[in-house]
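> based on what follows, work out the 3D shape:
(one chain, ligands or ions: 2)
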Amino acid sequence: MTAHSSQLDTNDPAPGSDGRLFGLDRDMLSACMATLGEPLWRGRQLAEAMYRQGVTEIGLVTTLSRTLRERLEAEGWSIGRPRIAQAFVSNDGTERYLVECTVPPVPAPAPIQTVETVWMPEGDGGETGDGTEAGELENGQALRARPRRDRATICVSSQIGCAVNCQFCLTAKLGLQRNLTAGEIAGQVVAVLDRHGVEIGKERVNLVFMGMGEPFLNYEHWIAAVRLLVNEVGISPQRMTVSTSGIVPGIERFAEEPPEMRPKLAISLNAPNDAVRSQIMPISRKWPIEAVVDAVRQVRLRPRERITFEYVLLGGITDGQEHAEEVARLVRHSGLPAKVNLIAWNPGPGIPYQMPQAAAVDRFRRALEADEVPVYLRRPRGRDIFAACGQLKRTVESARLETSSS
Ligand code: SAH
Ligand code: SF4
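Ligands and ions are numbered 1, 2, ... in the order given. This next block holds a predicted model:
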């Protein structure tokens, strides 16, 4: 662990200081308009264009007068919404995107930084192939008919890379490159909604903050993004889930958010006790399981809301029957309304673990059920295109590729 949220937050640029309007909320946009001598409701018009109608250029915000649009551009403003630079499509319908985040001015030649976002349509057949059919697409062009979507889920990144260093996770190999801004976090969602022509209000979309990075080590930007997604884009926070590796100060801040404005909470437990957990998640030495559970108890839950404990099954390391029994005891003793999401470990190059045997996964699930702990097995999505949990890492290599080939 090298990073702490407060240090990172202080070094980050102020919203709008780079001339990007995307990421500013209605009030900030109105204040910006006021400095130009424009009425405050111009801010609302801009917010609607960017967040509801998917407009990506100031010149196309037709609710503003042409003179005002030209003036904004002349003064260096742009919408600056993150752009899907590359898409990889899995044979199970999952799509993984490299989303381009423009960097604030830095000495040339600055790499174009990308972050990864995943779209998982529901109602498809889950993982089927070995990866050979995965199609790599450029510029958002689709190659094949998409599967029917009932309840799509977008997996969103909060940082480029991650400082937490979980031993089984590919993202950890990047280290922390940088925090994403609120606009870059919310922008991933708006760009993906746009690509799929999703109309919020008519269609159901779930968001999971389970992409690259640790959201609770970029708390300010992450929660600002949630507010944008709720207030401006119109997605209910009850359709959002944030996952943390167990950053106790972050969970404590989360507990202070008004219940009607916060996502659901998932904790990456991943091991039955601190001894095993510290080996695979060094963060456990700083914040042991008990401290994490204590912090979670401070969260005021909505009616019928449950905490999710995620549990990655590492073959021969965390997938034993005795581990399952210990997890069941831990969950019951926590006194929390909770469920357990089992995730069979997804392999990644250079990571020395093994996938669990199907029989071990089954035994683990049955042991929890026997103890009456609600348990779900998460189907791996898009493993063939490296889109499954813990596989997001290509960012840096791809960014290099794109820079050198242009
Ligand atoms: N940093 C946050 C959110 C992103 S990781 C967190 O750790 O919770 C999202 C989930 O993917 C976590 O539950 C994590 O334990 C899991 N994960 C990481 N690497 C994985 C892998 N290789 N296979 C399966 N799940 C993995
Ligand atoms: Fe970071 Fe989550 Fe990966 Fe751990 S599992 S390294 S916290 S992204």
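
> and the stretch 51-200 of the chain, which residues reach ligand 2?
Where proximity means C-beta under 6 Å from any ligand atom, the interface of the stretch 51-200 of the chain facing ligand 2 comprises C162, V164, N165, C166, C169, T171, A172. In this view, the C-beta of every residue, glycine as well, is placed from N, C-alpha and C.

> ok, how many other residues are close to the first one?
What that stands for is C162. Other residues within reach of C162, judged by other C-beta atoms under 10 Å, total 27.

> separation between it and L342?
Between C162 and L342 the distance, using C-beta to C-beta, to the nearest Å, works out to 22 Å.

> and I154, by the same measure?
From I154 over to L342 the distance is 22 Å, taken as C-beta to C-beta.

> settle it for me: which of the two has more neighbours?
When I154 is set against L342 and neighbours are counted by other C-beta under 10 Å, the residue ahead is I154, at 25 against 21.

> quick check, that one in a strand?
Yes - counting by DSSP: H, G, I helix; E, B strand; the rest coil, I154 is located in a strand.

> where exactly do the strands run in the stretch 201-350 of the chain?
In order along the chain, the stretch 201-350 of the chain carries the following strands (DSSP state E, counting those that start in this stretch): 204-209, 240-244, 264-268, 307-313, 338-344.

> in TSV, list the ones you listed along with distance to M50 and mean pLDDT.
Output for these, formatted as TSV (distance: least, C-beta to C-beta, whole Å; pLDDT from 0 to 100):
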stretch	distance to M50	mean pLDDT
strand 204-209	18	94
strand 240-244	20	98
strand 264-268	27	98
strand 307-313	32	98
strand 338-344	34	97
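
> distance to ligand 2 added to these, as TSV?
As requested, the strands of the stretch 201-350 of the chain are arranged in TSV below (distance: least, C-beta to the nearest ligand atom, whole Å):
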stretch	distance to ligand 2
strand 204-209	10
strand 240-244	7
strand 264-268	6
strand 307-313	8
strand 338-344	10
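
> which among those is found nearest to R277?
Shortest separation from R277 across the strands of the stretch 201-350 of the chain is recorded for strand 264-268, at 9.8 Å, computed as C-beta to C-beta.

> what is the orientation angle of the closest one with strand 204-209?
When axes from the mean of the first three to the mean of the last three C-alpha atoms, to 10 degrees is applied, the directions of strand 264-268 and strand 204-209 differ by 40 degrees.

> strands paired with strand 264-268, and their directions?
Sheet pairing here is set by DSSP bridges, and for strand 264-268 it gives strand 240-244 (parallel), strand 307-313 (parallel).

> CSV for these, including mean neighbour count?
Shown next, in CSV, are these (neighbours: other C-beta atoms under 10 Å):
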stretch, mean neighbour count
strand 240-244, 22
strand 307-313, 23
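
> want to throw these into CSV with distance to T35?
Listed next are the strands paired with strand 264-268 as CSV, based on distance: least, C-beta to C-beta, whole Å:
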stretch, distance to T35
strand 240-244, 33
strand 307-313, 44
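
> now for those strands, which one comes closest to R20?
Put simply, out of those the one that sits nearest R20 is strand 240-244, at 23.3 Å, with distance taken as C-beta to C-beta.

> give me the residues contacting the closest one.
206-210, 214-216, 222, 226, 229, 250-251, 254, 263-268, 308, 310 (C-beta atoms under 8 Å, 6 or more residues apart in numbering).

> in the stretch 201-350 of the chain, what residue comes closest to ligand 2?
Scanning the stretch 201-350 of the chain for proximity to ligand 2 using C-beta to the nearest ligand atom identifies S245 as nearest, at 3.7 Å.

> verify the contact between that residue and V164 for me.
Yes - with contacts defined as C-beta atoms under 8 Å, S245 counts as touching V164 at a distance of 5.1 Å.

> okay, helices next: where are they in the stretch 101-250 of the chain?
Taking DSSP state H, counting those that start in this stretch as the test, the helices found in the stretch 101-250 of the chain are 182-195, 219-227, 248-256.

> so the first one, near ligand 1 or not?
No - judged by C-beta under 6 Å from any ligand atom, helix 182-195 makes no contact with ligand 1; its nearest approach is 12.8 Å.

> remind me which residues of the stretch 251-400 of the chain are low pLDDT?
Scanning the stretch 251-400 of the chain for pLDDT under 70 picks out the ranges 390, 394-400.

> name the residues that touch stretch 258-266?
Stretch 258-266 is touched from outside by 207, 209-210, 226-227, 230, 237-238, 240-244, 251, 254, 296, 299-302, 305-310, 341, with contacts defined as C-beta under 8 Å, 6+ apart.

> also within reach of ligand 1: list those from those residues.
Among the contacts of stretch 258-266, ligand 1 is touched by M210, S243, T244, E310 when using C-beta under 6 Å from any ligand atom.

> for I283, state which of the residues you listed is nearest.
Nearest to I283 among those is T244, at 9.8 Å by C-beta to C-beta.
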